[in-house]
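>>> just need the structure, nothing else, for what follows:
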Amino acid sequence: MNFPSHDQDTAPEESKPLLEKSQKAFGRLPGLHKVLAESPQAYEAYQLLHKLFTETEFDADELTVVWQSINVEHGCHYCVPAHTGIAKMMKVSDELSEALRNEAPLPTAKLEALRTFTIRMVRERGNLSESQMQAFFDAGYGHRAVLDVILGLAQKTMSNYINHVAETPVDEVFKPLAWQRGATPLKV
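Numbers count the residues shown, from 1 in each chain. Alright, predicted model coming up:
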């Protein structure tokens, strides 16, 4: 299905300020944003969810763990390379990025607990057991972190699903970071 990919000339009027904001923020128009421009409401919601998630108490490593855990779990051909590049800009270590992309062990037990919790939220659709919740709390996270993971999940579900249905081409800048999921998903 060929989804429209907009720029300032073709976008609906309500999306033009959002495209301008993206252009200023990134110095270019990301492919996802070009697709989102078809629905000004979806585009604005995505930008707001992204802004709010980055304002949580999670640090750059934790934001990346949540984003990439969801991206990899959903098998998003677009978001995994994009967030690999974003992680580099956020000064996240290549070791952490590669472990997330390859579903390999993470460098700390706390980050591993965050990834496990995030993947369980995706797979169980929020229906976690008491012991799964307790494991997250025992790793040093609290109730606020639970809600913030769900916020990140809302943002990434939007982008992952949109990229799936639109078959959004990976941005030229992220093509060297292309990703394909291995044969066996991570066991959590």
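>>> which phi and psi values does M121 adopt?
Here is the backbone geometry of M121 (degrees, to the nearest 10): phi -60, psi -40.
>>> could you find the closest non-adjacent residue to the most centrally placed residue in the chain?
For the chain, the residue sitting closest to the mean C-alpha position, by CA atoms, centre = their mean, is W67 at 3.5 Å. Once flanking residues are discounted, W67 sits nearest to H83: 5.0 Å by CB to CB, 6 or more residues apart in numbering. Where C-beta positions appear, they are placed from N, C-alpha and C, glycine not excepted.
>>> wait, that neighbour sits on I70?
No: the pair H83 / I70 is not scored as a contact, 9.5 Å apart, by CB atoms under 8 Å.
>>> ok so, going back, distance of the residue nearest to the centre of the chain from P4?
26 Å (CB to CB, to the nearest Å).
>>> circling back to that earlier point, how about the residue nearest to the centre of the chain, what does it touch?
C79, H83, I86, G152, K156 (CB atoms under 8 Å, 6 or more residues apart in numbering).
>>> that one is in what secondary structure piece?
Element membership of W67 [criterion: DSSP states H and E] is helix 60-74.
>>> pull the distance from that helix to the chain's centre.
6 Å (CA atoms, centre = their mean, to the nearest Å).
>>> ok, stretch 150-166 next?
Using CA atoms, centre = their mean, the offset of stretch 150-166 from its chain centre is 7 Å.
>>> gap between the residue nearest to W67 and Q8?
Note on H83: its distance to Q8, by CB to CB, is 26 Å.
>>> more crowded one of these two?
H83 (28 against 12; other CB atoms under 10 Å).
>>> the strands in the protein, which residues?
For the chain, applying DSSP state E gives no strands.
>>> the helices in it, which residues?
Under the criterion DSSP state H, the chain contains helices at 16-26, 31-36, 40-54, 60-74, 79-89, 94-101, 109-124, 130-138, 143-166.
>>> any idea which of those gets closest to A178?
Each of those has some distance to A178 by CB to CB; the shortest is helix 79-89, at 5.5 Å.
>>> re the thing from before, could you export the contacts of W67 as CSV, including pLDDT?
What follows is those, written out as CSV (pLDDT from 0 to 100):
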residue, pLDDT
C79, 97
H83, 97
I86, 95
G152, 98
K156, 98
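>>> which pair of those spans the longest distance?
I86 and G152 (13.2 Å).
>>> comparing those two, which residue is more hemmed in?
G152 (26 against 19).
>>> pLDDT weak spots in this structure?
Applying pLDDT under 70 to the chain flags residues 1.
>>> please redo it, this time with the cut-off set to 80
Counting by pLDDT under 80, the chain contains low-confidence ranges at 1, 182-186.
>>> relative to L186, how far out is T56?
23 Å.
>>> hmm, I was thinking of V170
With CB to CB as the criterion, V170 and L186 are 22 Å apart.
>>> those two: who's more crowded?
V170 (19 against 16).
>>> who touches that one in this structure?
Here V170 is in contact with G31, H77, Y78, P81, A82, A178 (CB under 8 Å, 6+ apart).
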